[in-house]
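S.K.: prediction below, plus the sequence it came from.
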Amino acid sequence: MNSIERDVVIVGAGASGLTAATELTKAGLSVAVLEARDRVGGRLWTDDIDGATLEIGGQWVSPDQDALIGTLEELGLETYSRYREGINIYLGENGARRTFEGEIFPVAPATEQEIVGLIERLDALVAEIDPDRPWEHPQAKELDEISFRRWLETQTDDEEARLNIGMFIAGAMLTKPAHAFSALQALLMAASAGSFSNLVDADFILDKRVKGGLQQVPLLLAERLGDDVHLNSPVRTLRWDAEGTGSGVTAITDDLQVHARFAILAVPPVLISRISYEPPLPRRQQQLHQHLSMGFVIKVHAVYETPFWRDHGYSGTAFSPYELVHEAYDNSYHGDPRGTLVGFVSDESADDVFRLSPEERKARILESLSHYYGVQALSPVVYYESDWGSEEWTRGAYAASFDMGGLARYGADLRTPVGPIHFSCSDMAGKGYQHVDGAIRVGRETAAAIVAALQPAGR
Ligand SMILES: Cc1cc2nc3c(=O)[nH]c(=O)nc-3n(C[C@H](O)[C@H](O)[C@H](O)COP(=O)(O)OP(=O)(O)OC[C@H]3O[C@@H](n4cnc5c(N)ncnc54)[C@H](O)[C@@H]3O)c2cc1C
């Protein structure tokens, strides 16, 4: 077993861990980043599938994500806009097909009024929420005890309005059914993007992509860190100083042992308990990590010879709370003359199609796409399903959220360091929660906390 000494050992080479490592080295500290996979990037992964460049994980950048935008600029990465010219498609109950422009779906006037009213009420509530401290809202406990679905039922009798508003947070963001998370968790999701209106606005939230793919961010950060990034190095054990003697922490992989003054666990919270702790983490952490779970969504990529929907005047943007693929977009890759659609199959619908054979699943998903775009959607030249649920070092998508009551009960302790151990990842962010922006933001904050802790007293 090789043994090395560093100021800080970072577990996980995703956007958060690599940002923290970068900031620490800028402050003159030595680091080692230990990554379980044979690549960096975690939930950011750009790959060539049958000749098509696909972003298997995160990809979009929105204008409010200033931490991410700052990093893109620093790394010299360029962005391009998502194609959005033309009209959008909405499928109502029983497949009723309507087109629309703007953000509000083409529903009956009474339903539209309910949707607009719900958005106004949610925006007002979200304005009262500090995304970094949602548990401090005066009604936090009450809002955390009611599921988002039930909360919507208390607001309107209009089912189509509830389904649509529910879809934006449930299927589209937390990727859990609306009965499985609280109204407070829903408000945090919206507050993390500035407002509920921002989440509803696809042109805002799915604004830009990065030339070469968003995985460029971790790849370039890792390149600068050079030999300090160790791939194929899952951390199995963390020995830490629970007594405050200053002996620090030792991270142990199968063939390397890193002794450091501090450790940053930059892994999704569901994977924190994959590591053995000597001594065990305190009671509070052992409990709270059990109250977070990953959502689940299949990101479906379908590449066609041409972006045929554009010829019919369609933007490619399509929604339906009644469809297997509840949302889909033109996701054509920069510089590729072919057309790509990306669609999402969430939570219980994803469970359902994973019970089928791959062929049956593909047929069901393409059929759903054809309901939006017509029969041409049935015949892609490249088809791929991003399945993060079977990735051992992620276990779901997009990210983790608390169970009912968990956010008010445990949220404030989520990022509290334990002795020399700090926690950092997008799932623990306020602003930018569940997004790369949040991963970077928390990475910077965690690094700053360690740098501050190492400052001699009085400076
Ligand atoms: C399908 C999909 C689509 C998404 N779309 C978007 C989007 O459009 N825009 C956006 O901003 N965000 C999006 N996201 C979310 C975004 O990708 C994540 O929030 C972000 O990348 C998380 O970064 P992170 O560093 O916090 O965690 P991760 O990327 O999960 O990094 C954690 C790292 O820790 C490693 N690890 C885990 N356990 C150990 C261990 N014991 N030892 C060593 N290493 C370990 C993992 O292998 C991983 O590399 C999407 C995510 C998915 C999955």
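M.R.: Yep, it's here. Numbering: from 1, shown residues only.

S.K.: CA only for contacts and neighbour counts going forward, please
M.R.: Will do.

S.K.: measure how far the helix or strand of the chain with the lowest mean pLDDT is from the centre of its chain, please.
M.R.: Least confident helix or strand, the chain: helix 202-205 with a mean of 89, by mean pLDDT, DSSP states H and E. Its chain's C-alpha centre and that of helix 202-205 lie 15 Å apart, by C-alpha atoms, centre = their mean, to the nearest Å.

S.K.: what helices or strands is it leaning on?
M.R.: Applying 3 or more C-alpha pairs under 8 Å, 6 or more residues apart in numbering; DSSP states H and E, one finds that helix 202-205 contacts helix 196-200.

S.K.: could you list the alpha-carbon positions for the helix it packs on in CSV?
M.R.: Below are the C-alpha coordinates for helix 196-200, written out as CSV (Å, rounded to 0.1, in the frame of the first residue of the first chain):
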residue,chain,number,x,y,z
PHE,A,196,-40.8,29.0,-9.8
SER,A,197,-41.3,31.0,-13.0
ASN,A,198,-37.7,30.4,-13.9
LEU,A,199,-38.2,26.6,-13.6
VAL,A,200,-41.3,26.7,-15.8
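
S.K.: report the buried residues of that helix.
M.R.: For helix 196-200, the neighbour count (16 or more other C-alpha atoms under 10 Å) marks F196, S197, N198, L199, V200 as buried.

S.K.: contacts for that helix, please.
M.R.: E103, I119, L122, D123, V126, F168, L187, A190, A193, F204, I205 (C-alpha atoms under 8 Å, 6 or more residues apart in numbering).

S.K.: quick one: which of those is nearest to P420?
M.R.: Within the contacts of helix 196-200, the smallest distance to P420 is 31.2 Å, found for A193 (C-alpha to C-alpha).

S.K.: quick one: residues contacting D123.
M.R.: D123 sits next to S195, F196, S197 when contact means C-alpha under 8 Å, 6+ apart.

S.K.: and the first one, how close does it get to G117?
M.R.: What that stands for is S195. S195 sits 15 Å away from G117, going by C-alpha to C-alpha, to the nearest Å.

S.K.: now do R162
M.R.: Using C-alpha to C-alpha, R162 is found at 11 Å from G117.

S.K.: compare S195 and G117 (neighbour count), which wins?
M.R.: Applying other C-alpha atoms under 10 Å to S195 and G117 shows that S195 carries more neighbours, namely 21 against 15.

S.K.: related to what we said a few turns ago, next secondary structure after the least confident helix or strand of the chain?
M.R.: Using DSSP states H and E, the next helix or strand after helix 202-205 towards the C-terminus is strand 208-210.

S.K.: mind giving me the packing neighbours of the helix or strand in which A32 is found?
M.R.: Assigned by DSSP H and E, A32 belongs to strand 31-34. Taking 3+ C-alpha pairs under 8 Å, 6+ apart as contact, the helices and strands that strand 31-34 lies on are strand 2-11, helix 15-26, strand 229-230.

S.K.: got those as TSV, with mean pLDDT and mean neighbour count columns?
M.R.: Shown next, in TSV, are the helices and strands packed on strand 31-34 (pLDDT from 0 to 100; neighbours: other C-alpha atoms under 10 Å):
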stretch	mean pLDDT	mean neighbour count
strand 2-11	98	20
helix 15-26	98	26
strand 229-230	98	22
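
S.K.: can stretch 203-216 be said to contact the ligand?
M.R.: No: Stretch 203-216 lies out of reach of the ligand by C-alpha under 6 Å from any ligand atom, never closer than 6.9 Å.

S.K.: quick check: residues of the stretch 201-350 of the chain near the ligand?
M.R.: Taking C-alpha under 6 Å from any ligand atom as the contact definition, the stretch 201-350 of the chain meets the ligand at S233, P234, V235, R236, A266, V267, P268, L271, I275, K299.

S.K.: which pLDDT value does the model give the closest residue in space to the fourth one that isn't next to it in sequence?
M.R.: Read it as R236. Among residues not flanking R236 along the chain, I275 sits closest, at 5.0 Å (C-alpha to C-alpha, 6 or more residues apart in numbering). In the predicted model, I275 carries a pLDDT score of 98.

S.K.: check G458 too.
M.R.: On pLDDT, G458 comes in at 51.

S.K.: who touches stretch 376-393?
M.R.: Contact with stretch 376-393 is made by 36-37, 42, 49-50, 52, 56-57, 271, 296-305, 308, 363, 366-367, 369-370, 394-397, as judged by C-alpha under 8 Å, 6+ apart.

S.K.: of those residues, select the buried ones using a ChimeraX command.
M.R.: To isolate the buried ones among these in ChimeraX, judged by 16+ other C-alpha under 10 Å, type:
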select :36,37,42,52,56,57,271,296,297,298,299,300,301,302,303,304,308,366,367,369,394,395,396,397
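
S.K.: in helices, which of the contacts of stretch 376-393 appear?
M.R.: F308, A363, L366, E367, L369, S370 (DSSP state H).
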